[in-house]
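**Q** coordinates only, sequence not included:
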């Protein structure tokens, strides 16, 4: 460990293990502990940590326990790394999806709350992945008591793992996550539940579920394990957001009931514009088009199309493969820059493929 | 036109034009009309019809007008093709997304209501596509007055265009599409609207919108043009379904408010199981895994991975490409059969790529 920067991980599960792998790949020396000794041993075996144990000299400690255990674990790490005035800065952070209740329990300039928005659907160090944070958003929640140096140091470390860092106040984080994650998840599950009830009577229902419904309910396929804790910890923000949603849906109901066409168009148009502004290259200022290519559902068919695009020097911005109900054929939906569309279409035709509709994504 | 089967299209827009292209590709002789002569002329120019005009001898007439014009257009087609008893069977159908109000206006054994669930987000014959119905679900809504022969004939024709046909009673169709299409669409727009309001105050909000939120709100990016008509025509079913959704969301609110963990888990687990049963090879009985591969965001990177899979004889069941906020790197998510995962992982490593997590889709 001589010459290496030192990090400690408390809770070597999926997220803790992934942080360990990512840090070690970047030359850090990582110590790790877990309430369950078997988990820590497995993390060591998988190379997620260098050694089992605490490290009061660690430059950074990641507390990656379930949310209910974060506050005592963080306070313990802070207490054990009490320092001489000339010692290097040490910072402690956590990784849970709700920040207000955690921060309320820890007032220390060396603690910065965190929430890497990645991988929460998995469990256990066997799912750990050193690239998990590449391109992911990682929220940090400094408060008025946080030392600016501690924040700057943690920000640099987290960025080095490939994550995009956003700083938010803890309560703001919790409200925003209720809106873009917790309530959408509960809504998806609710829609899926309604459909499932109907499907018992009407077997055909699920065959009518086209791409839009599949998209809307995809998150409902995840394991429900973490949701009771998230809902308990972020209760206030979730309830407020559910109330807003129910109010808005009731307004929409009134609009449909009274046939208020202009008002309906206004709402849908506002939503359309907002959806287009979601930050992503796909919805950026570049003109993009969607090309649909029917393909046979066999090994190689997909590669044929993507190789062709690569060979033409065309970047594919997004790509979805859908299947027919029989599963013997599919449609490949490519999103490419508008200026490339003629080249791609010709290339596909030359290859004996028949691109069907080309639709501008606007 | 000698020797060719004959079809007529009333309303040569996106769907009418696509039907024309699909029929002509299969050897049919297609006549077409449109209220706007320029649209009919454009359809002729694009090869979606053989000739502009009506055809009282057509074996099948597709009425592809906006919903408000369907009943008079269908009645006219039925009247003009009144037949001698020994003449071949002629059938008339429509393609609108609401069936009860249409069928209430037409009682004729030769009329069968229809709803191809494809392409409705586009407008105009310039977006027409002869492959639009490949793998799409096409609902037919025979009633007690429908002639079984007319239904059988239309079913065969529609199937020949590549569509999967489902027969439903008109009112049943309307209730089910309210549940899997109309209300999910309104809900997506409502969620997006709430997020947009918050985003005005909190610029960071949309950067927190990860894959789940993007999935849930994707349909809200579509053009709102058709929705006032759909909502007006299917009002009763949409209102009933919105009421169910609001009731269910209020129950979820109560569960969160009271911290009823077991009840929350039950609901989420039921939704998870139902989502897994959505018909698709991805959610079938085959063991599937998700492999994440970080890739550079440049032409060819995608092809590199898919070619490799094709070269290994591995079929890719689903594929999503996500981007980092900066857009300079991405993660490719492949869904493949579990038995292929070792081969794919080794192949990726050999190619200098680093597959990260492998997750079983269960």
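**A** Done, it's in. Being a predicted model, the structure only gives us computed values, none of them experimental.

**Q** The stretch 1-150 of chain A: helices as residue ranges?
**A** A:14-25, A:37-45, A:67-80, A:100-104, A:148-160 (DSSP state H, counting those that start in this stretch).

**Q** so which of the ones you listed comes closest to chain B?
**A** helix A:14-25 (8.4 Å; Cβ to the nearest Cβ). C-beta here means a position set from N, CA and C on the backbone, and glycine is covered the same way.

**Q** Output the contacting helices and strands for that closest one.
**A** On a contact count with 3 or more Cβ pairs under 8 Å, 6 or more residues apart in numbering or on different chains; DSSP states H and E, helix A:14-25 meets strand A:6-10, strand A:29-33, helix A:37-45.

**Q** in that helix, what counts as buried?
**A** A:14, A:15, A:16, A:17, A:18, A:19, A:20, A:21, A:22, A:23, A:24 (16 or more other Cβ atoms under 10 Å in any protein chain shown).

**Q** quick check, nearest of those to residue B:290?
**A** Nearest to residue B:290, judged by Cβ to Cβ, of the buried residues of helix A:14-25 is residue A:14 at 14.4 Å.

**Q** re earlier: can you list the helices and strands packed on helix A:14-25 in TSV and add mean pLDDT?
**A** TSV is the format used below for the helices and strands packed on helix A:14-25 (pLDDT from 0 to 100):
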stretch	mean pLDDT
strand A:6-10	97
strand A:29-33	97
helix A:37-45	97
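
**Q** In a markdown table: the ones you listed, plus mean neighbour count.
**A** Formatted as a markdown table, the helices and strands packed on helix A:14-25 follow (neighbours: other Cβ atoms under 10 Å in any protein chain shown):
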| stretch | mean neighbour count |
| --- | --- |
| strand A:6-10 | 25 |
| strand A:29-33 | 24 |
| helix A:37-45 | 17 |
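
**Q** Would you format those as JSON lines with distance to chain B included?
**A** Converted to JSON lines, the helices and strands packed on helix A:14-25 look like this (distance: least, Cβ to the nearest Cβ, whole Å):
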{"stretch": "strand A:6-10", "distance to chain B": "18"}
{"stretch": "strand A:29-33", "distance to chain B": "18"}
{"stretch": "helix A:37-45", "distance to chain B": "15"}
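
**Q** how close does residue A:218 get to chain B?
**A** Per Cβ to the nearest Cβ, to the nearest Å, residue A:218 is found 5 Å from chain B.

**Q** do residue A:345 as well
**A** For residue A:345 relative to chain B (Cβ to the nearest Cβ), the value is 13 Å.

**Q** is it fair to say that residue lies in a helix?
**A** Yes. Counting by DSSP: H, G, I helix; E, B strand; the rest coil, residue A:345 is part of a helix.

**Q** Would you map the strands across the stretch 51-200 of chain A?
**A** A:51-52, A:60-63, A:91-94, A:111-116, A:137-141, A:164-167 (DSSP state E, counting those that start in this stretch).

**Q** So for residue B:34, which of those sits nearest?
**A** The closest of the strands of the stretch 51-200 of chain A to residue B:34 is strand A:137-141. By Cβ to Cβ, the value is 48.6 Å.
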